[in-house]
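Engineer: Please find the sequence and the predicted model below.
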Amino acid sequence: MTEVEIAVKAVQLYAETHPRPSQVTQDQAAEMAGVSRGTISKMIKSGRLKLNEFGRIPVFEIDRAIAA
């Protein structure tokens, strides 16, 4: 098994045992996106990110914003 195959397997095992949450706080979103909390707040105010009914950010919103 090559080093790359070992690394891929390690990431897969981690993902299986540590599933991503469906929604996160603004602080968690900032960490996921690699930006500041202030940037997340600006993205919400501008409509680039949307909060759910609980005031949290759905993870798919973060994925969409990162991909854009």
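Structural biologist: Alright, I've got the coordinates. Residues are numbered from 1 along each chain as shown.

Engineer: Okay, and the residue nearest the centre of the chain sits in which element?
Structural biologist: Of all residues in the chain, the one closest to the mean position by C-alpha atoms, centre = their mean is residue 32, 4.2 Å from it. If you go by DSSP states H and E, residue 32 is part of helix 26-33.

Engineer: Mind giving me the packing neighbours of that helix?
Structural biologist: Judged by 3 or more C-beta pairs under 8 Å, 6 or more residues apart in numbering; DSSP states H and E, helix 26-33 is in contact with helix 37-46, helix 59-67. Heads up, the C-betas are built off the backbone N, CA and C, glycines and all.

Engineer: quick one, that helix and helix 37-46 angle?
Structural biologist: 100 degrees (axes from the mean of the first three to the mean of the last three C-alpha atoms, to 10 degrees).

Engineer: Grab the CA positions of helix 26-33 and hand them over as CSV.
Structural biologist: Output of helix 26-33 as CSV, limited to C-alpha atoms (Å, rounded to 0.1, in the frame of the first residue of the first chain):
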residue,chain,number,x,y,z
GLN,A,26,-21.1,31.1,13.0
ASP,A,27,-17.8,30.3,14.8
GLN,A,28,-17.8,26.7,13.5
ALA,A,29,-18.7,27.9,10.0
ALA,A,30,-15.7,30.4,10.1
GLU,A,31,-13.4,27.6,11.1
MET,A,32,-14.7,25.3,8.4
ALA,A,33,-14.3,28.0,5.7
